[in-house]
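Undergrad: no sequence for this one, just the structure:
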């Protein structure tokens, strides 16, 4: 029977390579679909430029519209909390930065561990709140699919397992760390094949929309 140390070595070794390969292949396929297949040629005379309107739309569509906040304040507020919190836990936790540096050769300053720990706790609460809200809201519950709950699960697991491992709440520690790493790898594997790809495609889509309208000489 595999013990906790062997399990940790497996997820840090063969499984890590498998997850990275699937993630890289999936993201590459998605980006090729966008940039190679692209848009149909537009032979109409251009009435304006594309780059300026495209970049402007990327910025404006990335900021919550006041009208949207008035219509759905919970969705906007809690959504921003857990998105920002997830990115902080992912990109500003020093051990994560060291891992990225070992893979890509680039690093940056991180936040103190207690700060990331507090942000993670808030993010977990926000994610649980979004799930409860989805389950209690009749329209959202009706529209939700298996993919929506899968995305929530694979987003929640790396945070909760990381939180439990950081506080040594799972014994032995190699098991806790292994579960955290495995959950992160599952996130990477699922990402290219679900709506999670918006992490990469959202800004591209917004640029396309702005560029199309800019070419027509109208505002997006």
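TA: Alright, I've got the coordinates. Source: prediction; values computed, not measured.

Undergrad: worst-scoring helix or strand of this protein, pLDDT-wise?
TA: One helix or strand of the chain scores below all others by mean pLDDT, DSSP states H and E: helix 66-71, with a mean of 50.

Undergrad: now residue 5: how far from residue 199?
TA: Separation of residue 5 from residue 199 (C-beta to C-beta, to the nearest Å): 33 Å. From N, CA and C alone the C-beta is placed, and that goes for glycine too.

Undergrad: neighbours of residue 92, just the number please.
TA: Counted with other C-beta atoms under 10 Å, the neighbours of residue 92 add up to 17.

Undergrad: with adjacent residues omitted, what lies nearest to it?
TA: For residue 92, ignoring the flanking residues on the chain, the nearest one in space by C-beta to C-beta, 6 or more residues apart in numbering is residue 111 at 4.5 Å.

Undergrad: so that neighbour sits against residue 93, correct?
TA: Yes: the pair residue 111 and residue 93 passes the contact test of C-beta atoms under 8 Å, sitting 7.4 Å apart.

Undergrad: could you point out which element follows the least confident helix or strand of the chain?
TA: Using DSSP states H and E, the next helix or strand after helix 66-71 towards the C-terminus is helix 73-91.

Undergrad: pull out the buried residues from the lengthiest helix in the chain.
TA: Determined from DSSP state H, the single longest helix within the chain is helix 113-136. Of the residues in helix 113-136, 116, 117, 119, 120, 123, 124, 126, 127, 130, 131, 134 count as buried by neighbour count, 16 or more other C-beta atoms under 10 Å.
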